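[1] Mind folding the following:
(chains A and B)
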Amino acid sequence: MPDRTNLVYRYDGSFDGLLTCVFESYARHELPDAILSPDDMQTMLFESRRVETDYVKSARVLRGVMSRISPEAADFIRMAHLSCIFERDRRILVFLRLGFDVGPGVMNRLADARVNALVSGVRYLEREAHHYMGFLRFTEIDGVLASVIQPKNRVLPLIDPHFSDRFNAERFIIHDASHRCALMHMPGCSRIVPLDELHITASNARELEIQALWRKFHQTIAIEGRLNPQLQRSNLPLRFRPEMTEFQREKTTGKEIGCHEKSASGRLSAV
Amino acid sequence: MMTTMEKLTILTDAAKYDVACTSSGVGRAAKPGTMGNSMACGICHSFSADGRCISLLKVLQSNACSYDCSYCVNRRTNDTPRATFTPRELADLTMAFYRRNYIEGLFLSSGVTGSADTTMELMIRTLSILREEYRFGGYIHAKAIPGADEKLVTRLGRLADRMSVNLELPSCQSLQKLAPDKSRADVLRPMSQIAQGIAQTKNELTLYRHTPQFVPAGQSTQMIVGASPETDWQILSLTSALYRKYALKRVFFSAYMPVVADSRLPALTTRPPLLREHRLYQADWLLRFYGFTADEILSERHPNFHPLIDPKCNWAINHPEFFPVEVNRADYEALLRVPGIGVTSARRILQARRSGSLAVEGLRRLGVVMKRAQYFLTVGGRMPARVSLNRAQLISALSSEKGMALPETARQLSFLDTTEEDYVKCLTGQI
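    Have a look, this model is predicted:
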């Protein structure tokens, strides 16, 4: 009996929720046209089914992936689930169905469109995470390092080990404004928590001085005879720049900032 | 008394012509309680308006130079403002930038202030404050000053991740003519000392675990292209010899940017030979990752690069006997010779072949650039191009259209015909 296709799954967006959808798809002989998380805005004409996350079912699916496909495949779909590719969750389901059919060899099928879609998605996620390891900027406020980023993929779990190692003795917070969550780090512990907004305003004289020094360096290091804004743009796309110190305009310690400042040293307020 | 801002401006301006800004070659986790680690692949933190990667805080310790090299902005006789960072000041600036994730570390070079030895001592002081006092674990690239005492080179090498000695010019004669204060021997002595130090440390590490590290990310050098009359072939042969003899990690090329009017140098109006520099990097990539030798790329009879065709395509066009290559059977080395197949796509082909034979559509998904590859390979016995082109037709098919349309001067300035996916990586330092 062919699987029923004209319907939509909705789930809570968690990885376990997605694995529950995979379980349901097998149990009910259904191949949904779409699997939607709360982040997906699409409306569909098809009948939609709400799939409640069930940890027993998700654990069973994960065990199946590990034993019948491979542990690498389990890591791979976990990464794919953090990416932002079009129809991500349905593609993960399609990949797993192929994987359960052909076994561990599925990871080698790079030329197969069903595998390639996820591979490119994961590559995009990793590339963006790598970009943020460099392009992310901290502002120091009262001894805490704070940063806001607007990534397309959920990069926080990927950049966490890097920053938590590099700045292990610091307290820092990185706010992912696109996905409304934040990585919080204190010596010895780091966590990703939901967070809607984070406002960073520096007004400490030393902080502003360091920012000005960095802008000066960035401007001076360019060789006039080789100016090449197109190359600069392809290496450092415009979308990263609003959060980068060197592309922000010089702030002064003037009234404009002082008027919404409570303390003299700066403000870090989270909502 | 000069402010840090004034010093930073002068000493950045004086350092900007140095090419290397890579932070790669060493992976190291942070020690708990200290700041800084290092990623083997290197990280670019920003890009300047000329499109070059900024990974390290690249400054001179001092630009008060007592040498008089004609091609250099910092030469003694040039009327330019002078400044010197105190070691403490520079170490503090590095920490402040690093902590805010502006940089991956420090690239420290210097003009020769006083003697080579006093200059090295000043640099060593800066790095000791960073490493020993602040326990900084980030990346440090330091320049050895030609002519400095061996013991100082060793001390600097224990503090730095990478060291470099600039070869400056591709031949003895040019060096003598344009940099009368430096001799080839002065440059090569620290280079071979560093090479030996690295080899020895590697050897000792296999015997004792706690051997102090010495330049773990290896050694690099750079030379100026276009200030002296050497051919591309001479430069490339020299490059290849440097990789073999001194086990260098990288050789960097810098298109000569006229900064001074001097009868020994090209006129001030000369444009920097950017295309030439670009071709040298492409060829350098072929030497390091594609198994080419310098003599395969250029020869005494053809000593210069083709302006329209990249070196790999050029080799392919001149070696029709090697092609076509069958993607479903060829080994890694043969795949790498095909224009349009790079290191990454060749590896992916090998991996994908394990689960079945490949078709043209699949090759595209693996990242093969079919526009170029189609003339040089067969897929299951069939050639995707379906037509066989003669040499002249191949040249026109493989030339970049942008390169064809532009007049010579504009072409020299254009980076737009970047064809090798690797080239971007090479510029951005992710190697």
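
[2] now check stretch A:80-100, is it near chain B?
    No - Stretch A:80-100 lies out of reach of chain B by C-beta under 8 Å from any C-beta of the partner chain, never closer than 11.2 Å. C-betas here are computed from N, CA, C, even on glycine.

[3] residues contacting residue B:200?
    residue B:214 (C-beta atoms under 8 Å, 6 or more residues apart in numbering or on different chains).

[4] Could you show which parts of the stretch 151-300 of chain B are in contact with chain A?
    Residues of the stretch 151-300 of chain B lying near chain A (C-beta under 8 Å from any C-beta): B:255, B:257, B:272, B:274.

[5] confidence score at the residue lying closest to residue B:82 once chain neighbours are set aside?
    Spatial nearest neighbour of residue B:82, excluding adjacent residues (C-beta to C-beta, 6 or more residues apart in numbering or on different chains): residue B:64 at 4.4 Å. We have a pLDDT of 93 for residue B:64.

[6] got the phi/psi numbers for residue B:64?
    The phi/psi pair for residue B:64 (degrees, to the nearest 10) reads phi -80, psi 80.

[7] Distance check, it against residue B:76.
    Plainly put, residue B:64 is 9 Å away from residue B:76 if you go by C-beta to C-beta, to the nearest Å.

[8] Give me the more crowded residue out of these two.
    residue B:64 (19 against 14; other C-beta atoms under 10 Å in any protein chain shown).

[9] contacting residues around the more buried one?
    Here residue B:64 is in contact with B:82-84, B:111, B:113 (C-beta under 8 Å, 6+ apart).

[10] And for residue B:109?
    Counting by C-beta under 8 Å, 6+ apart, residue B:109 has contacts B:15, B:18, B:58-61, B:142-143.

[11] I'd like the residues you listed written out as JSON lines, with secondary structure, distance to chain A and neighbour count added.
    Formatted as JSON lines, the contacts of residue B:109 follow (DSSP: H, G, I helix; E, B strand; the rest coil; distance: C-beta to the nearest C-beta, whole Å; neighbours: other C-beta atoms under 10 Å in any protein chain shown):
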{"residue": "B:15", "secondary structure": "coil", "distance to chain A": "8", "neighbour count": "24"}
{"residue": "B:18", "secondary structure": "coil", "distance to chain A": "10", "neighbour count": "19"}
{"residue": "B:58", "secondary structure": "strand", "distance to chain A": "6", "neighbour count": "22"}
{"residue": "B:59", "secondary structure": "strand", "distance to chain A": "8", "neighbour count": "30"}
{"residue": "B:60", "secondary structure": "strand", "distance to chain A": "12", "neighbour count": "30"}
{"residue": "B:61", "secondary structure": "coil", "distance to chain A": "15", "neighbour count": "27"}
{"residue": "B:142", "secondary structure": "strand", "distance to chain A": "18", "neighbour count": "26"}
{"residue": "B:143", "secondary structure": "strand", "distance to chain A": "16", "neighbour count": "25"}
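
[12] least confident pick among these?
    residue B:18 (85).

[13] Is that one in contact with residue B:222, as I believe?
    Yes - using C-beta atoms under 8 Å, residue B:18 is in contact with residue B:222, at 7.1 Å.

[14] Hmm, residue B:26 and residue B:139 touching each other?
    Yes - taking C-beta under 8 Å as the definition, residue B:139 is a contact partner of residue B:26 at 7.3 Å.
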